[in-house]
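Asks: A predicted structure for the sequence below; I have some questions about it.
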Amino acid sequence: MQVIRRPFFSYYGSKWRAAKHYPAPQHASIVEPFAGGAGYALHHASRNVTLYDIDPAIIGVWNYLIDASERDICRLPVKFESTEHLRIAQEAKWLIGFWLGIGSQHPRLTPATSMRKRLAGLTPVGTGGGNNVSSFWCETTRDTLASQVKYIRHWKAFCQSFASIRNKKATWFVDPPYDCKAGRAYRFHDIDYKKLAGWCQDRRGQTIVCETAGAEWLPFQSLKSIRSVRGWSKEVIYTCTN
């Protein structure tokens, strides 16, 4: 049995914690047009997963992970001042960079203050979330990721806009930057939500769309309040089947 024990990188707005609250996939194929950390797909990793994103760092990291061997990951350094000076592939630098802070919108070059304090023992270590040392880049994190890459070998990832994706029968998990202040924290957040709404309703198969309370570009229904590393979020959902 496949066991994905943790996300492959820490990303702002990832659905890793929340995935269990969304409907299970009804199809053999899962498509995430706003991939980010692919939290939903990771809970169903044995499916035929295809990821899309317009952020080249996101897709670069996913393609690196899909192609990397366990040995490749285990060779990545854990002690350095800045990823800028590491003699490894750029995509590997991006992977490490996402782990240098909690819920990052982009890869960091140097560890966040919170990471430095916890690794130095200046902040009490708890049992989960951002309080755990292994929430950051360290040997434990690296070795866990290395043990998981074999489970996503069949995945595919492309740097493309949602609008250019071929329509096919699949489970479409649509988790765009939200239409609010929090959504504008992403590097790539300029979205025509009216166009996206029509696109979602036109998908073949099962469509699951995520948003936060107050969004009106689709007839969303309340899901639940979900806790993340950045606090509580009142999630809403839109689903349809074609």
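Replies: Yes, it's here.

Asks: what about the residue lying closest to Glu70 once chain neighbours are set aside, which SS state?
Replies: Spatially, and ignoring its direct neighbours in sequence, Glu70 is nearest to Ala146 (4.5 Å; CB to CB, 6 or more residues apart in numbering). C-betas here are computed from N, CA, C, even on glycine. When classified by DSSP: H, G, I helix; E, B strand; the rest coil, Ala146 comes out as helix.

Asks: buried stuff in the single longest helix found in the chain?
Replies: Of all segments of type helix in the chain, defined using DSSP state H, the longest is helix 56-67. In terms of neighbour count (16 or more other CB atoms under 10 Å), helix 56-67 has its buried residues at Ala57, Ile58, Ile59, Gly60, Val61, Trp62, Asn63, Tyr64, Leu65, Ile66.

Asks: what do you get for stretch 48-56?
Replies: Val49, Thr50, Leu51, Tyr52, Asp53, Ile54, Asp55.

Asks: What strand or helix carries Cys240?
Replies: strand 231-241 (DSSP states H and E).

Asks: One more: Arg227?
Replies: With DSSP H and E as the criterion, the answer for Arg227 is strand 221-228.

Asks: List phi and psi for Glu211.
Replies: phi -160, psi -180 (degrees, to the nearest 10).

Asks: Kindly report the domain assignment for the chain.
Replies: 19-56+154-241, 63-152 (automatic domain parsing).

Asks: between those domains, which gets nearest to Pro7?
Replies: Comparison of the domains of the chain against Pro7 by CB to CB identifies domain 19-56+154-241 as nearest, at 5.2 Å.

Asks: residues in contact with the residue at minimal distance from the centre of the chain?
Replies: Centroid-nearest residue in the chain, with CA atoms, centre = their mean: Gly37, separated by 1.0 Å. Counting by CB atoms under 8 Å, 6 or more residues apart in numbering, Gly37 makes contact with Pro7, Phe8, Phe9, Ser10, Tyr11, Ser14, Lys15, Trp16.

Asks: Recalculate using a threshold of 10 Å.
Replies: The neighbours of Gly37, taking CB atoms under 10 Å, 6 or more residues apart in numbering as the test, are 7-16, 58, 61-62, 98, 103, 175.

Asks: how near is it to Thr241?
Replies: 26 Å (CB to CB, to the nearest Å).

Asks: sorry, back to before: now do the strand holding Cys240, average pLDDT.
Replies: Average pLDDT, strand 231-241: 89.

Asks: And it, what's buried?
Replies: Those buried within strand 231-241 under the rule 16+ other CB under 10 Å are Ser233, Glu235, Val236, Ile237, Tyr238, Cys240.

Asks: ditto for stretch 164-183
Replies: Neighbour-count burial for stretch 164-183 [16+ other CB under 10 Å]: Ile165, Ala170, Thr171, Trp172, Phe173, Val174, Asp175, Pro176, Pro177, Tyr178, Asp179, Gly183.
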